[in-house]
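Colleague: Let's see this in three dimensions:
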Amino acid sequence: MPNWDVIIVGAGHAGAEAALAAAKIGAKSLLLTQTQDNVAAMSCNPAIGGLAKGHLVKEIDALGGAMGQVADQTAIQFRRLNASKGAAVQATRCQSDMIAYKALMRGILESQPGLELRQAEVCALVLEGSRVVGVETRLGEKLTAKAVVLTAGTFLNGLIHIGNRQYPAGRAWEFPSNFLGEQLRALGLRVGRLKTGTTPRLDRRTINFSGLETQPGDDPIRPFSFWNTQVPLPQVPCHITYTTPKTQEVIEKNLHLSAMYSGAITGTGPRYCPSIEDKYKKFPDKARHQVFLEPTSLQSFEIYPNGMSTSLPLEVQVEFIQSILGLEEAKIVRPGYAIEYDYLHPTQLKNSLEHKDLAGFFCAGQINGTSGYEEAAAQGLLAGINAARLALDQEPVVLLRNQAYIGVLIDDLVSKGTEEPYRMFTSRAEYRLSLREDNADLRLSPLGRSLGLLDDGQWSLFEARQASIQRLMGLTQELSVPKDGPSWNLPEKTKVAQFLRHPEAHFADLDPLVQEGSLGELKPFDDEVRFHVETEIKYEGYLKRQEVQVKSYLKVEAIQIPPDFDYQTVPGLSREVQQKLGQARPQTLGQASKISGITPAAITLMMVAIQKSKP
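Modeller: Got it, this is the predicted structure:
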């Protein structure tokens, strides 16, 4: 018998969520990490959430994951992004205390029943034929399981670059995972090479903040979690500064020393998070670049200068940092660096995140070509769920594009793949009007409850919020706004729902009537419930139109392609299309339709052929 139901390799943000999900579902789980001191470490920026990423955190929380609750409890600044725009693109972001975050997440993992956290380096997968049945550690210990989840982050054949110096590492001063990386290549898996980087860290005591723009957090705070988590830490400001002509001069003079431009790096870097070298190389006419000075912890003097990722030599980093306003005397306490690492092309995975050719082997996080803590955690949650369900002989859970940003993320990866670090954006979600932060619990918490990820207390909170939303929605149809008032000019007495359909009308406009008593029945409802109901009313027509689009999407997505389907037998398919489909091996017609070069005509031919092949 296997020692474990599920073994998770790597305890970053993907591994932490995978391990918690698997154990909560009831699978006996083991989480292996090279160092327990860096569980859920924030390797790069000290923040959780952001545009589209905040949606992922809300969805993780709604399903029963931990990221949102841990972020709330360790946040030192909250900001609502795109607050002046539509609700679909508004997003939550918090600065996190990096030290407190990983400490709290480690405590949650260590106290989770059914989960063991152990320090060990995995050097190989153990296979029986085409099935992964466990792992082998560097000390020769063989640990068996019904499913293995690999969340190796940047550790597979990781190589750090600082100027012309390179050294093997999975993260600064941590050993890479070279043995496992080489085994995956030897197994014939399609492996690629990506690159990411981070900024130098500065000593706060050497920065002159007096002339810099202060960026305070929001008041009141709108936290991530739906489960009444507190935000106990003091809230602190960030600061904004700018590069100078001297910065540009230093970087352009030393560009040939950057690992990115010397030819030392072969991996593809993130398009949407360019290094400071990239910014000046690609936008030489831009007069200055913004730099956000972000505190990393209340327990440390370190400052993270967001926007200054670099692979230049340390002495050049010192020179360009000290050319920036307010940083003339700044000291670097940790150098910035670039890191190259192996990833597995995600088109090799099913939409459950199980490998198509290696049964019982799941992958999540940066190993699948993504960037960002939130993308990693979202994948980890689904991989942990499905690894546990495989171990318990249950069907996998698949989230579709109309259900969640997590569904968009995974579908993009397994259908289209990626040749550069993938980052989530609201523009990637074609049904974003209905995939908002404010309704993540309504969309996903019933599923989380059915899987065993939400406890009785959380479910009671969900039911109470759902009832409150339904009650307020009903009141907007019953109660009326008088035609004359301090902030509106209505032709006649109007139902609250009709009033709120106006783009500039809000529940807050009705507060005088609520306080005075004529609309007193609206008083018991909190701001989040009011925001949700108002948004649903304003978007009603658009949402109905989107429902029609969703039905068309589901019709194609529901048609399964048999695993052994022979594309060469489909009349009319070109050889190029046959080859692309044969290589990608999509599971549904919906996945097939997203592959580059697959036309609507080819999908129609496939649909007919699949229908004919059914007995």
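Colleague: which residues touch the nearest residue in space to Ala383 that is not next to it in sequence?
Modeller: Using Cβ to Cβ, 6 or more residues apart in numbering and skipping residues adjacent in sequence, the residue nearest Ala383 is Ala364, 3.9 Å away. C-beta coordinates here come from the backbone N, C-alpha and C atoms, glycine included. By Cβ atoms under 8 Å, 6 or more residues apart in numbering, the contact list for Ala364 reads 14-15, 18, 149-151, 353, 376, 379-380, 382-384.
Colleague: And Thr268, by the same measure?
Modeller: Thr268 is in contact with Arg193, Leu194, Lys195, Glu419, Glu420, Pro421, counting by Cβ under 8 Å, 6+ apart.
Colleague: cool, Lys281 as well?
Modeller: By Cβ under 8 Å, 6+ apart, Lys281 lies in contact with Leu255, Tyr261.
Colleague: Counting by contacts, list what the host helix or strand of Ala388 packs against.
Modeller: Counting by DSSP states H and E, the element that carries Ala388 is helix 373-391. Packing contacts for helix 373-391, counted by 3 or more Cβ pairs under 8 Å, 6 or more residues apart in numbering; DSSP states H and E, involve strand 4-9, helix 13-25, strand 47-49, helix 53-63, helix 67-73, strand 142-150, strand 361-363, helix 405-411.
Colleague: What lies in contact with the first one?
Modeller: In this structure, residues lying in contact with strand 4-9 by Cβ under 8 Å, 6+ apart are 15, 18-19, 22, 27-32, 122, 134-135, 143-152, 180, 384, 387-388, 391-392.
Colleague: Are any of the residues you listed buried, and if so which?
Modeller: 15, 18-19, 22, 27-32, 122, 134-135, 143, 145-152, 180, 384, 387-388, 391 (16 or more other Cβ atoms under 10 Å).
Colleague: Could you report the pLDDT at the residue nearest to Ala383?
Modeller: On pLDDT, Ala364 comes in at 98.
Colleague: Tell me how far it lies from Asp342.
Modeller: As judged by Cβ to Cβ, to the nearest Å, Ala364 and Asp342 stand 15 Å apart.
Colleague: One more: Ala169?
Modeller: To Asp342, Ala169 is 14 Å away according to Cβ to Cβ.
Colleague: More neighbours: which of those two?
Modeller: Using other Cβ atoms under 10 Å, the more surrounded residue of Ala169 and Asp342 is Asp342, with 26 against 18.
Colleague: Could I get the contacting residues of that one?
Modeller: Residues in contact with Asp342 (Cβ under 8 Å, 6+ apart) are Leu156, Asn157, Gly181, Leu184, Arg185, Val191, Gly192, Arg193, Ile367.
Colleague: For Glu277, give me its contacts.
Modeller: Contact analysis of Glu277 by Cβ under 8 Å, 6+ apart lists Ile251, Leu255, Ser258, Met260, Tyr261, Thr310, Ser311, Leu312.
Colleague: cool, and Asp412?
Modeller: With contact set as Cβ under 8 Å, 6+ apart, Asp412 has these partners: Thr418, Tyr422, Arg428, Lys594.
Colleague: The third one against Leu51, yeah?
Modeller: Yep, that's Arg428 we're talking about. No - checked against Cβ atoms under 8 Å, the pair Arg428 and Leu51 is beyond contact range at 11.1 Å.
Colleague: So which residues of the stretch 101-250 of the chain form helices?
Modeller: Using DSSP state H, counting those that start in this stretch, the helices of the stretch 101-250 of the chain run over 178-186, 245-253.
Colleague: Any buried residues in the last one, and which?
Modeller: Neighbour counts over helix 245-253 (16+ other Cβ under 10 Å) mark Thr247, Gln248, Val250, Ile251 as buried.
Colleague: cool, stretch 606-613 as well?
Modeller: In terms of neighbour count (16+ other Cβ under 10 Å), stretch 606-613 has its buried residues at Met606, Ala609, Ile610.
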